[in-house]
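[1] how does the following fold in three dimensions:
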Amino acid sequence: MDAQFLKKIYATHQVCTTCPSPADVASFFDTLLGALFADFTQLAHLSEAEFATLIDKLQKDLDRLLQQTPQAAQVSDVTQAFFEAVPALYDTLQDDVTGIFSGDPAATNRSQVIRTYPGFYAIAAYRFAHQLYLLGVEDLPRIITEYAHSKTGIDIHPSAQIGTHFCIDHGTGIVIGETAVIGNHVKIYQNVTLGALSVNKADAAVKRHPTIEDHVVIYAGATILGGNTVIGHHSVIGGNVWLTRSVTPHSKIYYQAKMYNDVTQDTDLIIFKTS
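    Numbering: from 1, shown residues only. The predicted structure follows:
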């Protein structure tokens with residue numbers, strides 16, 4: 001290898017001595033998730049004192065990771081605020097388990113959802129990452145959600161706003177953009193995109209992603225784009241629908257194929273109002 005190139009890349013390591021390791025961040029997330037959910041990992045062999053020590057170690061681990069990345073407040077304050085929020089995050093995740101379990105006939109019990117469903121794993125990563133994002137932490141939230149993305153194929157930006165009882169079924173290929181807003185009791189299937197109409201860097205501070213109101217179901221392959229696009233509550237968006245405009249509450253949106261001589265020639269977007 002060229003000596004000048006070797007020197008160049010060596011220098012990059014010297015200016016990144018405090019960069020948080022993605023592997024360490026992923027380990028923190030997995031350990032925290034396992035501590036909160038016995039179904040995710042078995043810690044019954046620990047005494048109560050040993051379990052308390054594990055939680056204390058997690059707090060110290062977060063302190064250490066935060067010291068390696070910029071944040072708006074003092075490290076100890078951020079760590080304290082995060083762990084004070086953990087009980088509420090746990091309750092919200094239990095609601096998400098309820099949403100997934102009640103929304104999928106194939107789920108036989110809540111434990112199965114926690115142990116095996118990629119949707120739950122990706123939602124948990126988002127919930128923890130979003131809390132860190134709200135506390136002004138940089139880098140760590142994205143590392144957590146991208147780690148979950150690599151394991152599940154579900155890409156949720158940590159700054160998206162997502163309500164309770166969120167259900168992701170199957171999940172592979174889902175993209176939820178940075179400024180997306182999702183209400184309560186929303187169900188999303190695989191390959192759904194909640195994206196932006198523009199990728200212009202000048203729009204970085206603008207709401208670019210859609211708003212999904214309460215009790216909406218979005219079926220596989222649907223693409224919904226634009227910061228001004230609102231999907232009204234209790235609506236159903238059919239598979240492979242492409243939407244760049246709002247729909248009113250209680251709508252059903254789907255494509256209907258036109259047939260000519262038993263051959264599909266074209267499709268029409270159908271908007272059906274249920275009330």
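[2] what's the average pLDDT for the longest helix along the chain?
    The single longest helix within the chain, with elements called by DSSP state H, is helix 75-103. What helix 75-103 shows for mean pLDDT is 96.
[3] in that helix, what counts as buried?
    75, 78-79, 82-83, 85-86, 89, 92-101, 103 (16 or more other CB atoms under 10 Å). C-betas here are computed from N, CA, C, even on glycine.
[4] same check on stretch 198-207?
    Lys207.
[5] what do you get for stretch 230-245?
    230-238, 241, 243.
[6] domains in this protein, by residue range?
    Here the domain parsing of the chain from automatic domain parsing is 16-154, 173-275.
[7] what residue ranges in the protein score low on pLDDT?
    For the chain, the stretches flagged by pLDDT under 70 are 16-18, 72, 256-275.
[8] which parts of it are helices?
    Along the chain, the stretches classed as helices by DSSP H are 3-14, 22-36, 48-66, 75-103, 110-116, 118-134, 140-152.
[9] which residues are in contact with the third one?
    This means helix 48-66. For helix 48-66, the external contacting residues (CB atoms under 8 Å, 6 or more residues apart in numbering) are 20, 24-25, 28, 31-32, 35, 43, 46, 75-76, 78-79, 82-83, 137, 140.
[10] go on, the shortest one?
    Under the criterion CB under 8 Å, 6+ apart, residues 37, 39-40, 97-98, 100-101, 104, 107, 120 lie in contact with helix 110-116.
[11] got CSV for those, with distance to Lys207 too?
    Shown next, in CSV, are these (distance: CB to CB, whole Å):
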residue, distance to Lys207
Phe37, 33
Asp39, 37
Phe40, 34
Val97, 30
Thr98, 29
Ile100, 28
Phe101, 32
Asp104, 31
Ala107, 34
Phe120, 28
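[12] what's the closest of those residues to Ile182?
    Relative to Ile182, the closest of the contacts of helix 110-116 is Ile100; by CB to CB it sits at 14.5 Å.
[13] my guess is the closest one meets Pro118, correct?
    No. Ile100 lies out of contact with Pro118 (CB atoms under 8 Å); the separation is 10.5 Å.
[14] what is in contact with these two at once?
    The contact sets of Ile100 and Pro118 overlap at Ile168 (CB under 8 Å, 6+ apart).
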